[in-house]
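Return a 3D structure for these sequence lines:
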Amino acid sequence: MRLAILTDVHANLPALRAALAAVDRFAPDVTVHTGDAIGTGPYPRECLELLLARPATHCLMGNHDAWYAFGLPDPRPEWMSVGERAHHVWTHGQLGDELRAVVAAWPYNLRLATPAGAIEFLHFPLRPNGEFLSARFAPRTGAEADALFGGGAWMTFYGHDHTAADLTGAATRYVNPGSLGCAPTAVARIAFLDVRAADDWTLSFAEEPYDPTDLLRAFDDREVPERDFIRQVFMPFGA
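Have a look, this model is predicted:
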């Protein structure tokens with residue numbers, strides 16, 4: 001089984017196109033995006049439609065996707081600024097209502113069997129109330145990952161925290177490919193897993209460069225709320 005794993009596209013269309021070109025060269029049996037297809041970037045509809053059109057591609061629920069599918073927290077919580085809420089409202093307006101039911105059907109978890117063992121995919125663990133834990137809980141050691149995710153799989157792929165990670169727990173390897181759309185430089189990050197037999201497999205990573213010129217210009221052309229903050233914090237390669 002050959003798998004391509006993406007996470008956190010965050011409405012960055014040039015990055016997604018670069019990543020999918022690399023995915024097509026790899027020719028996986030299955031592609032998995034572990035959540036947050038939308039939000040932050042200026043191309044929510046284009047990215048969502050591109051992912052939905054891909055064959056053998058599983059899209060999992062992330063917090064940005066859930067806010068579109070099920071609505072923003074109301075009243076506005078203290079941790080969500082007025083500007084951030086305005087950005088989400090703009091994103092949801094770009095998508096309209098017709099894709100809401102499609103995204104609402106996305107699962108929060110996916111488990112696949114391979115000759116080497118079971119693989120679990122998720123965006124990030126949930127709080128008891130169903131909300132995603134903050135990315136500040138992202139593990140930095142294998143022991144922390146075991147405590148957070150609970151083990152129980154051969155490999156676990158996740159996202160949410162935009163920093164790439166590859167951690168080894170007691171019996172599980174935990175991999176975050178790193179945000180595809182929000183990175184310190186204009187590269188799209190991808191993980192590839194090629195499982196040939198129980199004891200014959202390869203995990204590799206790619207960083208596909210792309211031209212961010214149109215992306216950065218689109219923030220202004222589309223009058224994206226909070227665009228200066230986003231370009232400075234989440235897509236700083238244009239600075």
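
okay, which residue of the chain is out on the far edge from center?
Going by C-alpha atoms, centre = their mean, the residue of the chain most distant from its centre is D199, 28.7 Å out.

Tell me which residues touch that one, please.
By C-beta atoms under 8 Å, 6 or more residues apart in numbering, the residues touching D199 are A116. No exception for glycine: its C-beta is placed from N, CA and C like everyone else's.

And F121, by the same measure?
5, 32, 34, 58, 60, 109-112, 156-158.

What of R100?
Counting by C-beta under 8 Å, 6+ apart, R100 makes contact with 68-69.

Tell me how many other residues crowd R127.
9 (other C-beta atoms under 10 Å).

Equivalent analysis for L95, please.
17.

I figured it hits G39, correct?
No. Counting by C-beta atoms under 8 Å, L95 sits too far from G39 to count as a contact (10.5 Å).

low-confidence ranges in this structure?
In the predicted model of the chain, residues 238-239 satisfy pLDDT under 70.

Okay, strands next: where are they in it?
2-6, 30-33, 57-59, 109-114, 117-122, 155-157, 165-168, 173-176, 187-197, 200-209 (DSSP state E).

Distance to D228 for those - can I get that in CSV?
Formatted as CSV, the strands of the chain follow (distance: least, C-beta to C-beta, whole Å):
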stretch, distance to D228
strand 2-6, 27
strand 30-33, 28
strand 57-59, 30
strand 109-114, 36
strand 117-122, 32
strand 155-157, 33
strand 165-168, 29
strand 173-176, 27
strand 187-197, 22
strand 200-209, 24
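
Would you mind saying which of the ones you listed lies nearest M235?
Nearest of those to M235, taken as C-beta to C-beta: strand 187-197 at 11.6 Å.

Residues in contact with the closest one: which ones?
Under C-beta under 8 Å, 6+ apart, the answer for strand 187-197 is 1-6, 12, 15-16, 18-19, 22-23, 26, 28, 114-116, 119, 155, 157, 164, 175, 177-181, 183, 201-210.

what's the span of stretch 22-36, first residue to last?
With C-alpha to C-alpha, to the nearest Å as the measure, stretch 22-36 spans 20 Å from end to end.

what comes up buried for that stretch?
22-23, 26, 28, 30-36 (16 or more other C-beta atoms under 10 Å).

again, but for stretch 171-190
Within stretch 171-190, the residues that count as buried by 16+ other C-beta under 10 Å are 172-183, 186-190.

the helices in this structure, which residues?
All helices of the chain, identified by DSSP state H, fall at 13-26, 44-52, 63-70, 82-95, 100-104, 142-149, 213-221, 227-233.

Tabulate those (a markdown table), appending distance to H123.
Listed next are these as a markdown table, based on distance: least, C-beta to C-beta, whole Å:
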| stretch | distance to H123 |
| --- | --- |
| helix 13-26 | 17 |
| helix 44-52 | 14 |
| helix 63-70 | 7 |
| helix 82-95 | 17 |
| helix 100-104 | 13 |
| helix 142-149 | 12 |
| helix 213-221 | 23 |
| helix 227-233 | 20 |
